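Visitor: whatever this is, show me its structure:
(one chain, ligands or ions: 1)
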Amino acid sequence: MTTTAIAVSGLRKAYGDRTVLDGIDLEVQAGTVFALLGPNGAGKTTTVNVLTTLMKADGGTVLVAGHDIATEAKAVRAAIGVTGQFAAVDDLLTGRENLRLMVDLQGGGKQVVDDLLERFDLVESADKPASTYSGGMRRKLDLAMTLVGDPRIIFLDEPTTGLDPRSRRTMWAIVRELVADGVTIFLTTQYLEEADQLADRIAVLDQGRLVAQGTADDLKRQIPGTHVRLRFTTVAELDAAARVLTDATRDDEALALRVPSDGGTTSLRAVLDRLDEYALSADEFSVHTPDLDDVFLALTGHHTEVAAK
Ligand SMILES: Nc1ncnc2c1ncn2[C@@H]1O[C@H](COP(=O)(O)OP(=O)(O)OP(=O)(O)O)[C@@H](O)[C@H]1O
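Guide: The predicted structure is shown next:
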């Protein structure tokens with residue numbers, strides 16, 4: 001049996017006369033990872049702030065752990081943990097002191113602090129000030145602090161932005177462990193790969209609207225499938241090849257043709273044979289399997305990088 005951890009319906013939020021969330025509907029099943037994917041300024045942080053009761057919505061309903069954020073904010077807060085872009089970590093305190101402070105606020109014993117330091121591989125630096133921590137260590141400490149009250153629903157706002165690939169992978173491993181323990185994760189990210197790697201479901205947010213929702217595979221199905229890309233040296237060659245490969249799509253700027261194909265050897269050979277038949281040759285030949293960046297382009301008309309800082 002599945003239960004709903006987060007249910008959002010018609011969520012709206014504006015800053016002054018600027019609408020930032022324009023009617024968001026989504027549902028997150030308990031024990032799963034939900035990724036809200038979008039470029040800078042799409043409205044991800046605003047969504048997290050509203051869902052975690054830090055900010056009031058202007059419209060719509062939101063239930064978190066079965067509690068209405070508008071009328072039962074306290075119960076919502078008791079059920080969730082939040083790790084934000086602007087971490088709760090106090091730079092002047094050591095890692096251990098930061099954790100102890102959380103334990104004092106939330107309840108729990110010394111053992112909780114020791115266990116979390118161990119679990120997040122922070123034992124060696126536990127007694128150094130947080131100001132000396134690397135970005136990856138800070139994120140780990142921040143997440144460890146979030147786990148003090150043993151929340152069953154955790155919000156992670158861009159948990160790996162700015163981290164090096166190794167720290168990012170460590171963070172992903174931690175998220176997977178939490179989910180294996182039955183925790184529900186709502187994360188925001190501007191990394192397509194992160195959503196692809198972690199999320200059971202992904203919602204794509206663009207300028208305050210969800211432009212798609214589904215599994216990574218669902219999203220990939222919404223865009224042109226696997227194809228062969230052929231690049232030529234001259235426009236004349238491109239023209240000639242386009243006449244021969246009639247189902248191809250042209251990219252004049254790149255002097256390339258895109259030919260639908262299942263990527264199997266038979267269909268690849270057919271394309272090459274056809275070129276051979278007309279004594280044509282391509283400069284470059286590649287098989288392209290769509291990734292989430294293609295999804296974003298297909299759904300929003302722009303790449304994720306366009307809006308990136
Ligand atoms: N307090 C505020 N007052 C006015 N406008 C705001 C405020 N906070 C955010 N905005 C604007 O609302 C839009 C959405 O911001 P939000 O921080 O939710 O986006 P985001 O997807 O989380 O982006 P980022 O990755 O940069 O955090 C942005 O255009 C931002 O400039």
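
Visitor: could you name the helices and strands sitting against the longest helix anywhere in the chain?
Guide: Using DSSP state H to define each element, the chain has its longest helix at helix 165-180. Counting by 3 or more C-beta pairs under 8 Å, 6 or more residues apart in numbering; DSSP states H and E, the packing neighbours recorded for helix 165-180 are helix 135-146, strand 184-189, helix 192-198. C-betas here are computed from N, CA, C, even on glycine.

Visitor: so which helix or strand takes in the closest residue to V148 other than its chain neighbours?
Guide: Distance criterion C-beta to C-beta, 6 or more residues apart in numbering; nearest residue to V148, sequence neighbours excluded, is M102 at 4.2 Å. Assessed by DSSP states H and E, M102 sits inside helix 95-106.

Visitor: so what touches the one helix or strand A241 maps to?
Guide: Element membership for A241, per DSSP H and E: helix 235-244. Under the contact criterion C-beta atoms under 8 Å, 6 or more residues apart in numbering, helix 235-244 has outside partners 230, 232, 248, 250, 252, 255-257, 274-275, 277-278, 280, 282.

Visitor: which residues in this structure form helices?
Guide: Going by DSSP H, the chain shows helices at 44-51, 73-79, 95-106, 110-119, 135-146, 165-180, 192-198, 216-221, 235-244, 265-277, 292-300.

Visitor: so which bits of the stretch 101-250 of the chain are right by the ligand?
Guide: By the rule C-beta under 6 Å from any ligand atom, the part of the stretch 101-250 of the chain lying against the ligand is Q190.

Visitor: any low-confidence regions in the stretch 101-250 of the chain?
Guide: 224 (pLDDT under 70).

Visitor: could you pull up the residues touching the closest residue to T289 other than its chain neighbours?
Guide: Leaving out its chain neighbours, the residue that sits closest to T289 by C-beta to C-beta, 6+ apart is T226, at 5.2 Å. Listed by C-beta under 8 Å, 6+ apart, the contact partners of T226 are P260, S261, D262, G263, V287, H288, T289, P290.

Visitor: follow-up on the earlier one: how far off centre is the longest helix of the chain?
Guide: Remark: helix 165-180 is offset 13 Å from the chain centroid, using C-alpha atoms, centre = their mean, to the nearest Å.

Visitor: do stretch 103-112 as well
Guide: For stretch 103-112, the distance to the chain centre is 31 Å (C-alpha atoms, centre = their mean).

Visitor: ok, residues contacting that stretch?
Guide: L99, R100, V113, V148, G149.

Visitor: how does the protein divide into domains?
Guide: 4-221, 227-289 (automatic domain parsing).

Visitor: from the chain's centre, how far out does the longest one sit?
Guide: In this case it means domain 4-221. That offset, for domain 4-221, works out to 11 Å (C-alpha atoms, centre = their mean).

Visitor: ok, R168 to R139 distance?
Guide: Per C-beta to C-beta, to the nearest Å, R168 is found 9 Å from R139.

Visitor: so these two - more neighbours on which side?
Guide: Under the neighbour definition other C-beta atoms under 10 Å, R168 and R139 were set side by side, and R139 has more, 27 against 20.

Visitor: my understanding was that the more buried one contacts D164; is that so?
Guide: No - the pair R139 and D164 does not pass the contact test of C-beta atoms under 8 Å, sitting 11.2 Å apart.

Visitor: and for D293, nearest residue in space, chain neighbours not counted?
Guide: D293 sits nearest to L192 (C-beta to C-beta, 6+ apart), 5.3 Å away.

Visitor: on that earlier part again, deepest-packed of the domains of the chain, please.
Guide: domain 4-221 (a mean of 18; mean count of other C-beta atoms under 10 Å).

Visitor: excluding chain neighbours, what is closest to T3?
Guide: T3 sits nearest to A30 (C-beta to C-beta, 6+ apart), 4.6 Å away.

Visitor: need the contact list for the one you found.
Guide: Counted by C-beta under 8 Å, 6+ apart, A30 has contacts T2, T3, T4, A5, R152, G182, T184.

Visitor: need the pLDDT of it.
Guide: A30 carries a pLDDT value of 96.

Visitor: ok, the one 5 residues further on next?
Guide: A35 is assigned a predicted lDDT (pLDDT) of 97.
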